[in-house]
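Chemist: Structure for this input, please:
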Amino acid sequence: MAVARGCGKKATVRRFVFILLYLLIAASELAAKAPQAEIQNLSAVASAQKVTVRFTLDGAFRDGEMVESLQSGLPTSFTYVVEIFHDRPWFDDDIAQARLDVICTFNSVTREYLLNYRRDRKLVRSETFTDLASLERGMTRIEEVDLFDIGKRKPYKLKVRVKADLMRGYLLYVIPWEVSTRWRETRVRQGEAAP
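Modeler: You can find the predicted model right below:
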């Protein structure tokens with residue numbers, strides 16, 4: 001009996017290792033299929049104790065899956081996380097964070113795209129687009145005027161970083177898998193004083 005029990009343990013361990021290996025391969029396949037998008041042209045300019053942030057998301061529509069998702073009528077969204085922090089040698093001192101949600105739905109009857117733009121889960125504006133190129137620009141070119149209030153802090157000691165959460169996939173139809181860009185950061189520049 002002891003021999004049979006030992007064989008059962010080996011078979012269980014082999015199954016576990018096989019399943020783990022399968023999950024790792026599936027995860028790498030999902031990561032390889034994900035769009036290789038990145039934040040570009042990030043700038044942060046301080047003026048009158050406020051920081052304006054501009055950036056673009058490049059490569060989000062490179063694969064056809066995002067366009068297919070849009071045209072099927074499913075709500076498609078990008079979430080941008082923007083943080084301002086005091087850059088220190090040993091640790092970063094977070095000052096503020098903003099969440100920007102860009103959500104699009106396609107109306108197949110009118111053939112129009114409705115784009116809702118939210119800041120910290122509050123609706124800021126809604127726009128309607130009739131062509132895909134204009135919609136892509138609306139979803140990937142972000143300009144947030146006076147996004148952060150820095151008070152008396154010196155702008156040259158501050159940095160802004162941005163990342164985008166593009167979509168959520170599912171590994172084996174069960175395990176959630178979020179596709180995100182890498183963080184991109186830049187130092188805050190002092191802008192021209194308003195007249």
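
Chemist: domains of the chain?
Modeler: Following automatic domain parsing, the chain resolves into domains at 1-33, 37-190.

Chemist: list the contacts for the residue most central in space within the chain?
Modeler: With distances taken as C-alpha atoms, centre = their mean, residue 164 lies nearest the centre of the chain, 1.7 Å away. Under the criterion of C-beta atoms under 8 Å, 6 or more residues apart in numbering, the neighbours of residue 164 are 37, 39, 57, 60, 78, 79, 80, 81, 180, 181. For glycine as for every other residue, the C-beta is placed from the backbone atoms N, C-alpha and C.

Chemist: That one and residue 12: what is the separation?
Modeler: Applying C-beta to C-beta, to the nearest Å, the value for residue 164 to residue 12 is 42 Å.

Chemist: re the thing from before, bridging across strands, which residues link to the residue nearest to the centre of the chain?
Modeler: Residue 164 has these beta-bridge partners by DSSP bridges: residue 80.

Chemist: Over to residue 55?
Modeler: Beta-bridge partners of residue 55, as defined by DSSP bridges: residue 142.

Chemist: The helix or strand encompassing residue 115 pairs with which strands?
Modeler: Residue 115 is part of strand 112-119, with elements assigned from DSSP states H and E. Strand 112-119 has the following sheet partners, assigned by DSSP bridges: strand 93-107 (antiparallel), strand 122-129 (antiparallel).

Chemist: Pipe these into JSON lines and attach distance to residue 25 and mean neighbour count per row.
Modeler: Formatted as JSON lines, those follow (distance: least, C-beta to C-beta, whole Å; neighbours: other C-beta atoms under 10 Å):
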{"stretch": "strand 93-107", "distance to residue 25": "33", "mean neighbour count": "16"}
{"stretch": "strand 122-129", "distance to residue 25": "39", "mean neighbour count": "12"}
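
Chemist: Flag the shaky bits of the chain, pLDDT-wise.
Modeler: Filtered on pLDDT under 70, the chain yields the residue ranges 1-8, 23-24, 26-35, 91-92, 167-177, 193-195.

Chemist: in it, which spans are strands?
Modeler: Using DSSP state E, the strands of the chain run over residues 38-47, 50-58, 76-86, 93-107, 112-119, 122-129, 141-149, 158-171, 175-180, 184-187, 189-190.

Chemist: If we go by neighbour counts, what in the fifth one is buried?
Modeler: Yep, that's strand 112-119 we're talking about. For strand 112-119, the neighbour count (16 or more other C-beta atoms under 10 Å) marks 113, 114, 115, 116, 117, 118, 119 as buried.

Chemist: do the same with the third one
Modeler: Judged by neighbour count (16+ other C-beta under 10 Å), strand 76-86 contains these buried residues: 76, 77, 78, 79, 80, 81, 82, 83, 84, 85.

Chemist: Same check on the second one?
Modeler: Neighbour counts using 16+ other C-beta under 10 Å place 50, 51, 52, 53, 55, 57 of strand 50-58 among the buried residues.

Chemist: Of all pairs in those, which one spans the longest distance?
Modeler: The most widely separated members of the buried residues of strand 50-58, counting by C-beta to C-beta, are 50 and 57 (23.1 Å).
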